[in-house]
Each structure stands twice: as C-alpha cells, then as structure tokens.
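Asker: Need the 3D shape of this:
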Amino acid sequence: AASKPDQVKKAHGVFINVFVGLCIVLTAWLLVNITFSVLTGKSITIWTHIDCISAPVSGAFPDAPGAQAPRPRVTGGTRGGPGQPSPTASVGGVYRTSAAAIRTLEQGGVCGGAVPCTSGASLAGIRMQTVDQLIQLHRLCGTQFTVTSAAIGSDGNRGGAHGSGFKADVRLNPTLNACIQSNNPNIFTPLYGGQWVRWGSQEAQVYRDSCGNKYARERPRPGVSGGGPHWDIEAVRGHLCIF
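Answerer: Numbering: from 1, shown residues only. Got it, this is the predicted structure:
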C-alpha cells in the first residue's frame, strides 16, 4: 500500500511523456507541411491526397530498332454506305516483294484457300494503298477474287499507272461484277453512260466510286488481240475509300 503513491507518480510521468511526445510529433508534422505549402504553393493537405494515374496503354516500344511500323488506321463510311475518302499514310508505301503483298491480301480475306491470290503474276511494286483498297472492295462485296496483274506484267515491265503501283487487274466473278455494276448505285457510278468505250488497248465499261477510284471492266476490242476480260482497278492517290 505504501508504494501506491510512487506508482501513481510514475504513471503520471509516463502520461506526461507520451503527451509531450505527441505534441512534438504533431508540431513537427505541422512545421513540415507549412514549409512544403510555402515552397510549393499548394495546400497543407498535399500529403493526405493521393492522385492515381492510369496504367500505361502498352509496354511495347514502337520505335525500337527493327520494330515494324504499324499500318495506318483509317476511318470513314460504314459498310454498304457511301464510300468516304480517308487520308492514308500508306500511299507512298510499296511492297518490295510479291510474298509480302500476298500475305496482306490473305490476312484481309481477299483470297486464300480455293481462291488464289494471284494467277502467277508478281505483286512486287504494288502500292500498299492499292492493296488496302482491294481489301475494302472485298469487304463491301463479300467475295474473294484473284489479282491477275499489278505493277509488273508477264513481260517483267509495266508502264503508266500500272508501273506506278496504283493499279491492279482482278479476275471477274459474278458476285464482284454485280457488286460494282448494279448492287451499290450509291457508291459506284457508271461513266460514259455505261457504254463500252476504248480503254487503252482494250475497251471497257467504266465505273467510279464516290472517292474517285475507277473500275474498268475490260475486254479485248473486236479484231484486236489482248488479255482476257478482267477488272482494271485504279486507286485514287492519297486516299483510302472506306465503304
């Protein structure tokens, strides 16, 4: 019983020390926050407010050495609606090898399986924009088709628009023919009254889509030897037509 006053005094001292310690901590916290608010010009709550940032979109490095440049993303009309031109960065791009162009056509669904991508012709030198336009045509018409000629002919040399890579010859098929000539009058407009006209060394019925691309259904002129009937498609330079 005699020790109780000593214990009470000791406990009282502990509480005083705790209180003094808390005051020191709070005072230090207050001084630090005041200092930060003066230096940064922000409020005293900068330590109590946490701003969350979103996760990175991708951890990839698109400009890393050897990385393949992404193909341009284009926007425009909806399927079955009027074609709308959209600027495309691929206009200057050229496929250096036939295999690369064929691979893109296959990935786009233009050909493959029972429908060969080419009839044996090389697609080297064809523009990326031309290939992209063929993919758009496939998506609109819902049919696969074969490219019979592009920038390089069977003789190993092509001039004019074909040589520039903006043209491709495509084998006829009933679905493709109807798609261009009758099923989509809001997209394809017949030129020259829909009549057969002289078209290079052949004759053709010529159509133009709402972006300016031309689709000539060619056949040999009477009495003149030439290639078989086909579609001669010329892409307008600088824009990809989205159907």
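Asker: okay but Val147 is in contact with His138, surely?
Answerer: No: counting by C-beta atoms under 8 Å, Val147 stays clear of His138, with 11.2 Å between them. Where C-beta positions appear, they are placed from N, C-alpha and C, glycine not excepted.
Asker: The two: who's more crowded?
Answerer: Shown here are Val147 and His138; by other C-beta atoms under 10 Å, Val147 has more neighbours (28 against 19).
Asker: so how far is Gln129 from that one?
Answerer: 15 Å (C-beta to C-beta, to the nearest Å).
Asker: With Gly212 instead?
Answerer: 13 Å.
Asker: Kindly report the same for Gly142.
Answerer: Gly142 is 22 Å from Gln129, by C-beta to C-beta.
Asker: Between the two, which is the more surrounded one?
Answerer: The residue with more neighbours, out of Gly142 and Gln129, is Gln129; 25 against 11, by other C-beta under 10 Å.
Asker: quick one, phi/psi of that one?
Answerer: With angles defined as degrees, to the nearest 10, Gln129 sits at phi -60, psi -40.
Asker: Output the lowest mean pLDDT helix or strand found in the chain.
Answerer: Within the chain, confidence by mean pLDDT, DSSP states H and E is lowest for strand 84-87 among all helices and strands, at a mean of 64.
Asker: continuing past that one, what's the next helix or strand?
Answerer: Remark: after strand 84-87, the chain's next helix or strand is helix 98-107, criterion DSSP states H and E.
Asker: Check which helices and strands that next one is in contact with.
Answerer: If you count contacts as 3 or more C-beta pairs under 8 Å, 6 or more residues apart in numbering; DSSP states H and E, helix 98-107 packs onto helix 128-141.
Asker: And the longest helix seen in the chain, what's buried?
Answerer: Counting residues, the longest helix found in the chain (DSSP state H) is helix 4-40. Buried positions in helix 4-40, judged by neighbour count with 16 or more other C-beta atoms under 10 Å: Asn33.
Asker: Name the nearest residue to Phe188, ignoring sequence neighbours.
Answerer: Tyr207 (4.5 Å; C-beta to C-beta, 6 or more residues apart in numbering).
Asker: For Asn213, see how far away Ile102 is.
Answerer: From Ile102 to Asn213 the distance is 21 Å (C-beta to C-beta).
Asker: Quick one: neighbours of the nearest residue to Thr130 once chain neighbours are set aside, just the number.
Answerer: Excluding the flanking residues, the one nearest Thr130 by C-beta to C-beta, 6+ apart is Ala235, at 4.6 Å. Using other C-beta under 10 Å, Ala235 has 29 other residues around it.
Asker: give the contact list for Ala235.
Answerer: Residues near Ala235 by C-beta atoms under 8 Å, 6 or more residues apart in numbering: 127, 129-130, 133, 166-167, 213.
Asker: could you redo the last one with a cut-off of 6 Å?
Answerer: Residues near Ala235 by C-beta atoms under 6 Å, 6 or more residues apart in numbering: 129-130, 133, 166, 213.
Asker: Got the phi and psi for it?
Answerer: Backbone torsions of Ala235, given as degrees, to the nearest 10, read phi -80, psi 140.
Asker: got the domain boundaries for the chain?
Answerer: According to automatic domain parsing, the chain comprises the domains 10-41, 84-242.
Asker: quick one: which of the ones you listed is nearest Lys4?
Answerer: domain 10-41 (10.4 Å; C-beta to C-beta).
Asker: The nearest residue to Gly163 once chain neighbours are set aside: how many residues sit nearby?
Answerer: What sits nearest to Gly163 in space, not counting adjacent residues and going by C-beta to C-beta, 6+ apart, is Ala151, at 6.0 Å. Ala151 has 26 neighbours, counted by other C-beta under 10 Å.
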